[in-house]
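Whatever this is, show me its structure:
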Amino acid sequence: MDLRELTAPCGLDCFNCIAYLANDNEEFRKQVASLGIPYEEAACAGCRKDNGCRFLQASGFLPKSEYGSTPNRCKVFLCVSSKGFETCADCSDFPCDNLQPFADKAAILPHNMKVFNLALIKKMGVEKWAQEKAKLVRDRYFGEKFNI
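Sure, this is the predicted structure:
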């Protein structure tokens, strides 16, 4: 598994995402399909391979563009790709408004952890973050209570 390739430009860990894991796990595919995504589209190759988060596109979280049925692409993916960076952490404008967290769908989509992941990537490097920290961050995001 290429952890760099499976780390989205925004800092999300595609390799731990249920839509990516649905490629090899029937139960995960059913869970993704239960969100209203057609069963045959309920698995993702990762943001970089799909030119943006296919899960967001297939689920309807990203609306169709004004160019017919072509889906819109994630603003972060387009920005990072156009600048030739690996992640947002490489940009002098980091963090920018494209990474603004929102409470909407926070229980389903882990986008509020992007900046935290990117800060860790900047500090640790992609490979070390992916191997040592990414799963822990995701598990804490979905499994623990807010603790001050």
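
how about G52, secondary structure?
Here G52 is coil, with the state taken from DSSP: H, G, I helix; E, B strand; the rest coil.

just checking, it touches F77?
Yes. With contact defined as CB atoms under 8 Å, G52 reaches F77; the gap is 4.4 Å. C-betas here are computed from N, CA, C, even on glycine.

Contacts for stretch 132-139, please.
T7, D13, F15, N16, P110, M113, F116, N117, L120, M124 (CB atoms under 8 Å, 6 or more residues apart in numbering).

Only the buried residues of that stretch, if you could.
When burial is assessed from 16 or more other CB atoms under 10 Å, stretch 132-139 yields the following buried residues: K133, A134, V137, R138.

Nearest to F85 among those?
A134 (18.8 Å; CB to CB).

ranges for the strands of the chain?
The residue ranges that make up strands in the chain, judged by DSSP state E, are empty, as it has none.

Name the spans of it whose pLDDT lies under the cut-off.
Within the chain, the set of residues satisfying pLDDT under 70 comprises 57-72.

which residues touch S81?
P9.

Test my guess that A33 contacts E27.
No. Applying CB under 8 Å as the test, A33 and E27 come out as separate, 10.7 Å apart.

what about those two, which has more around it?
Set side by side, A33 and E27 show unequal neighbour counts under other CB atoms under 10 Å, the larger going to A33 at 17 against 10.

Leaving out sequence neighbours, find the closest residue to the residue nearest the centre of the chain.
When CA atoms, centre = their mean is applied to the chain, the residue found nearest the centroid is L12 (4.0 Å). Here the nearest residue to L12 in space, its sequence neighbours aside, is K114; by CB to CB, 6 or more residues apart in numbering that works out to 6.1 Å.
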